[in-house]
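Chemist: pasting a predicted model and its sequence here:
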Amino acid sequence: MVAVTGSSQLGRQLGLTRNISLLNVMLNQQTQQLSSGLKANGLVGVSSQAQQLGDLKSQLGTVQNYSSGVQTALNRVNLYSVTIENIIDLATNAQSMMIENRDPSFAATSAPAVQANSLLDQIGTLLQVKDGDRYLFSGTNYSNNPLGIAPLSSISTTYAAGAVPGTNYTTFTPAANAAAVPPAPYATAANYYLNTTGTVQGYFDSNQVQLYVDDGEQVSYGVSGAADGFQTLIDAVVRFRDASADVTTDPNNYQARVDDARNQLNTAISQLKSIASANGYNQQQLTEIQSQQANTVDTLKIRIGKIQDVDPAVVSTTITNLQTALQASYYVTNSLLNLSLINYLK
C-alpha cells in the first residue's frame, strides 16, 4: 500500500512540475508581450493574417520613404522662401539707396558705387546659399556654384560714363571658363553672372528638379538663379553703380541714369514677388502632400496594430491569473513533498 501511495504521489509531483514549467513559459510570453506591446512569436503569432500584415508593412515602408523625400524637398522650398524674402528686402533697400543718392550733390560725397557693390555682394551671398552641399539656385547643376563671377562686386563697368539711360552699351560676357551663351529665351546680356560650366539648360529650367511623391506621381520644385527677377535686380544695381561715373561730370545724365536704374529695380521687385509666389505654391503643394502621407501612415499603423498589437489590459489580467495559478501549483507541490517525507518516515 505504501508503494502504491508513493508511486501515485510521484506521478502527481511530476505532473505538477510539468504544469509549473508550462505556467512559467506562458508567464514569460505574456510578460514579453506586455513589454513589447506585440503578440508573441512574430508572424507565427498572427499566422491567419500574416500575408495581410506583410502587405501593410510594405505599404507603410513605401509611404514613409516617399514622405522622407517630401520632407527634404519641403525643407529646401522653405529655405528658398527665406532666401527670396531676404533678396526682396535687399531690393527694397536698393530703392531707398537710389532715392537718397538721386541728388548729385549728395551722391558726390556718399560713395554710391561703394554702397552698390556692397549690395551686390549681399545678393551674391544669398544666391550661393546651400542645403548641405547642394547649391539651391543652380537648378539641376546643384554641385556647381551658380555664380560665374564672384563676388558680384567684381563685375567690371558695364554702362560706361555718359551712357544713355535704358541703353545696353556693353554686352555682358560670361566668365572666362563659361560655356556658350545659353539658349533662348535666356540669350540676353543679363546672363553674365551665371556659371555655365555645367549643363546650361540645367541652370535655367528649375522644373528639372523633380520628386516622386508616390508611385508614378511627380512634383517639380526649385528656383533657378537664372530667373528674371534675380537677373533684373543685379542689372538694376549695376546700372546705378555705373551711373556714379557721371555724378560730377554730367549731373543731369546721372539723375536720368539713376531713374532708369530705379525703373529696372521696380521691374525686378515685381518679378521677385512672382518668384516668391510660385515658390509659395510649391510650399503649399508639398505641405498638402506631406499631410496626406501622414494620414496614410497613421491609418496603416492602426491597421497593423489591430493585427499584431496586444491589449495591455487583457495581458495584465492574464499575467495575474497565471501568477495565481503558479502560486497554487507551488503550494500543492510543497504539500506533496511534505506528505512524501511523512510517508517515508513511517
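Modeler: It's in.
Chemist: what helix or strand is Ala243 on?
Modeler: helix 228-243 (DSSP states H and E).
Chemist: mind giving me the packing neighbours of whatever helix or strand comes next after that helix?
Modeler: Scanning forward in sequence from helix 228-243 by DSSP H and E, the next helix or strand is helix 251-308. Packing partners of helix 251-308 (3 or more CB pairs under 8 Å, 6 or more residues apart in numbering; DSSP states H and E): helix 50-100, helix 104-110, strand 217-220, helix 228-243. For every residue, glycine as well, the C-beta is placed using N, CA and C.
Chemist: ends of stretch 142-149, how far apart?
Modeler: 17 Å (CA to CA, to the nearest Å).
Chemist: show me what contacts Gln283?
Modeler: Contacts of Gln283 were listed using CB atoms under 8 Å, 6 or more residues apart in numbering, and they are Leu74, Val77, Asn78, Ser81.
Chemist: and of the residues you listed, the nearest to Gln323?
Modeler: Distance to Gln323 across these (CB to CB) is lowest for Leu74, with 51.0 Å.
Chemist: please report how far the spatially most central residue of the chain lies from Pro112.
Modeler: Centroid-nearest residue in the chain, with CA atoms, centre = their mean: Thr72, separated by 2.2 Å. When distance is defined by CB to CB, to the nearest Å, Thr72 is 42 Å away from Pro112.
Chemist: on that earlier part again, any chance of TSV for the contacts of Gln283, columns distance to Asn141 and neighbour count?
Modeler: Output for the contacts of Gln283, formatted as TSV (distance: CB to CB, whole Å; neighbours: other CB atoms under 10 Å):
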residue	distance to Asn141	neighbour count
Leu74	22	19
Val77	18	22
Asn78	22	16
Ser81	21	16
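Chemist: just send the residues you listed back as CSV, with distance to Val213 and pLDDT too.
Modeler: CSV is the format used below for these (distance: CB to CB, whole Å; pLDDT from 0 to 100):
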residue, distance to Val213, pLDDT
Leu74, 11, 95
Val77, 13, 96
Asn78, 17, 96
Ser81, 19, 97
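Chemist: quick check: domain ranges of this protein?
Modeler: Here the chain is described, according to automatic domain parsing, as comprising the domains 2-37+310-345, 72-282.
Chemist: of all the ones you listed, which lies closest to Gln64?
Modeler: With CB to CB, the closest approach to Gln64 among the domains of the chain belongs to domain 72-282: 12.4 Å.
Chemist: straight-line length of that closest one, end to end?
Modeler: Start to finish, the residues bounding domain 72-282 are 13 Å apart (CA to CA).
Chemist: and the contacts of stretch 72-80?
Modeler: With contact meaning CB under 8 Å, 6+ apart, stretch 72-80 is reached by 129, 131, 134, 136, 211, 219, 221-223, 279, 282-283, 286-287, 290.
Chemist: whoops, stretch 253-273 was the one
Modeler: For stretch 253-273, the external contacting residues (CB under 8 Å, 6+ apart) are 84, 87-88, 91-92, 94-95, 98-99, 101-102, 104, 107, 159, 162-163, 165-166, 227-230, 232-233, 235-237, 239-240, 242-244, 246-247.
Chemist: before we move on, what about stretch 237-251?
Modeler: For stretch 237-251, contacts defined as CB under 8 Å, 6+ apart pick out 94, 97-98, 101, 104, 107-108, 112-113, 116-117, 119-120, 123, 155, 157-163, 253-254, 257-258, 260-262, 264-265.
Chemist: which stretches of the stretch 51-200 of the chain have low pLDDT?
Modeler: Across the stretch 51-200 of the chain, the ranges flagged by pLDDT under 70 are 168-193, 196, 198, 200.
Chemist: from the contacts of stretch 237-251, which would you call buried?
Modeler: 94, 97-98, 101, 104, 107, 112-113, 116-117, 119-120, 123, 155, 158-159, 163, 253-254, 257-258, 260-262, 264-265 (16 or more other CB atoms under 10 Å).
Chemist: ok, now which ones touch the closest residue to Asn282 other than its chain neighbours?
Modeler: Once flanking residues are discounted, Asn282 sits nearest to Tyr221: 4.5 Å by CB to CB, 6 or more residues apart in numbering. Residues counted as contacts of Tyr221 (CB under 8 Å, 6+ apart) are Ala73, Arg76, Val77, Ser206, Val209, Leu211, Asn282, Leu286.
Chemist: farthest pair within these?
Modeler: Maximum pairwise distance among the contacts of Tyr221 (CB to CB): 14.5 Å, between Ser206 and Leu286.
Chemist: Arg303: neighbour count?
Modeler: Each residue near Arg303 was counted by other CB atoms under 10 Å, and the total is 14.
Chemist: likewise for Gln49?
Modeler: 14.
Chemist: next, the buried residues of stretch 52-66.
Modeler: Leu53, Leu56, Gln59, Leu60, Val63, Tyr66.
Chemist: wait, isn't the third one in contact with Lys301?
Modeler: Think Gln59. No: Gln59 is beyond contact range of Lys301, at 10.8 Å (criterion: CB atoms under 8 Å).
Chemist: would you mind writing the CA trace of stretch 222-238 as PDB?
Modeler: Extracted in PDB, the C-alpha atoms of stretch 222-238 (Å, rounded to 0.1, in the frame of the first residue of the first chain):
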ATOM      1  CA  GLY A 222      13.000  74.800 -57.200                       C
ATOM      2  CA  VAL A 223      14.100  78.300 -58.100                       C
ATOM      3  CA  SER A 224      16.800  79.000 -60.700                       C
ATOM      4  CA  GLY A 225      19.300  81.800 -60.300                       C
ATOM      5  CA  ALA A 226      18.600  82.500 -64.000                       C
ATOM      6  CA  ALA A 227      15.100  83.600 -63.200                       C
ATOM      7  CA  ASP A 228      14.400  87.100 -64.500                       C
ATOM      8  CA  GLY A 229      13.900  88.700 -61.000                       C
ATOM      9  CA  PHE A 230      17.500  88.000 -59.900                       C
ATOM     10  CA  GLN A 231      18.900  89.000 -63.300                       C
ATOM     11  CA  THR A 232      17.000  92.200 -63.400                       C
ATOM     12  CA  LEU A 233      17.900  93.100 -59.800                       C
ATOM     13  CA  ILE A 234      21.600  92.700 -60.400                       C
ATOM     14  CA  ASP A 235      21.300  94.700 -63.600                       C
ATOM     15  CA  ALA A 236      19.500  97.500 -61.800                       C
ATOM     16  CA  VAL A 237      22.100  97.700 -59.100                       C
ATOM     17  CA  VAL A 238      24.900  97.600 -61.800                       C
END
